[in-house]
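Colleague: missing the sequence, but the structure's below:
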């Protein structure tokens, strides 16, 4: 296994570990046609991942060194939400995921154009955006609630969260973790003490490297101290 160089972006460091890194502007991304954008309407549970799967499979048709049996995904914040969705919606394709400060369920977040514009305003059983009971959930947001669907998980999932995250509240991630424990599913987790949503940690980056090396390269990660 090669040793990545500090100071690189996560994508660059992964290439130095002999991974192929692919970034795709799938349907739903901005600055394209109205139809292209509207693919995400009430479809945020898939969030363009169907295009990622199709594109990677097509790339592999002319690149025999591209192993579609060993595909991983990582992301932070909304990218962490996407990692959850990839491992849930396409469990047989995405084998390894690293969700950093990821959103477990959109309805647990503050109102935001990302989801309200494409999934509709949060609405509870009383037809308002305010719930009557603390455990009540908006029915039309259940398709993107990882804690409900995490039973589909087949691959190796690593979850990180900041103790003091003021943006993606720890509760939304803990609901997913609680369900994983209830289902007796194996996963890895890292809680960063005294960290908010925007923490930067070489330790977390190394944990991502190790997670992918172990489960995609199927090798023992080398001893590597970020401080040396």
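Modeller: That came through, no problem. Every value quoted in this text rests on a predicted model; they were computed, and no experiment measured them.

Colleague: how close does the most centrally placed residue in the chain sit to residue 133?
Modeller: Closest to where the C-alpha atoms of the chain average out (C-alpha atoms, centre = their mean) is residue 83, at 1.9 Å. Residue 83 sits at a distance of 30 Å from residue 133 (criterion: C-beta to C-beta, to the nearest Å). (C-beta placed from N, C-alpha, C; glycine too.)

Colleague: ok, back up a step: just the element for the residue nearest to the centre of the chain, please.
Modeller: Using DSSP states H and E, residue 83 sits within helix 78-89.

Colleague: now the next helix or strand after that helix and helix 78-89, what's the angle there?
Modeller: Using DSSP H and E, the helix or strand that follows helix 78-89 in sequence is strand 94-100. In terms of direction (axes from the mean of the first three to the mean of the last three C-alpha atoms, to 10 degrees), strand 94-100 departs from helix 78-89 by 150 degrees.

Colleague: going forward can the numbers begin at 456, since that is how I track them
Modeller: Shifting the count to begin at 456 puts that one at strand 549-555.

Colleague: who's in contact with strand 549-555?
Modeller: By C-beta atoms under 8 Å, 6 or more residues apart in numbering, the list of residues contacting strand 549-555 from outside reads 524-532, 534-536, 538-539, 541-542, 609-615, 659, 662-663, 666-667, 670-671.

Colleague: do stretch 655-674 as well
Modeller: By C-beta under 8 Å, 6+ apart, stretch 655-674 touches 456, 459, 461, 465, 468-469, 472-474, 525, 527, 529, 550-551, 553, 555, 610-611, 613, 615, 643, 645, 647, 650, 675-676, 679, 681.

Colleague: residue 616 falls within a strand, correct?
Modeller: Yes. Under DSSP: H, G, I helix; E, B strand; the rest coil, residue 616 falls within a strand.

Colleague: I figured it hits residue 532, correct?
Modeller: No. Using C-beta atoms under 8 Å, residue 616 is not in contact with residue 532, being 11.1 Å away.

Colleague: which of those two has more neighbours?
Modeller: Remark: of residue 616 and residue 532, residue 616 carries more neighbours, 25 against 17, as counted by other C-beta atoms under 10 Å.

Colleague: can you tell me the closest non-neighbouring residue to the more buried one?
Modeller: Leaving aside its sequence neighbours, residue 616 sits nearest to residue 628 (C-beta to C-beta, 6 or more residues apart in numbering; 4.7 Å).

Colleague: and the helices in the chain?
Modeller: Remark: helices assigned in the chain by DSSP state H are 465-470, 489-492, 504-516, 533-544, 568-574, 601-604, 625-637, 657-667.
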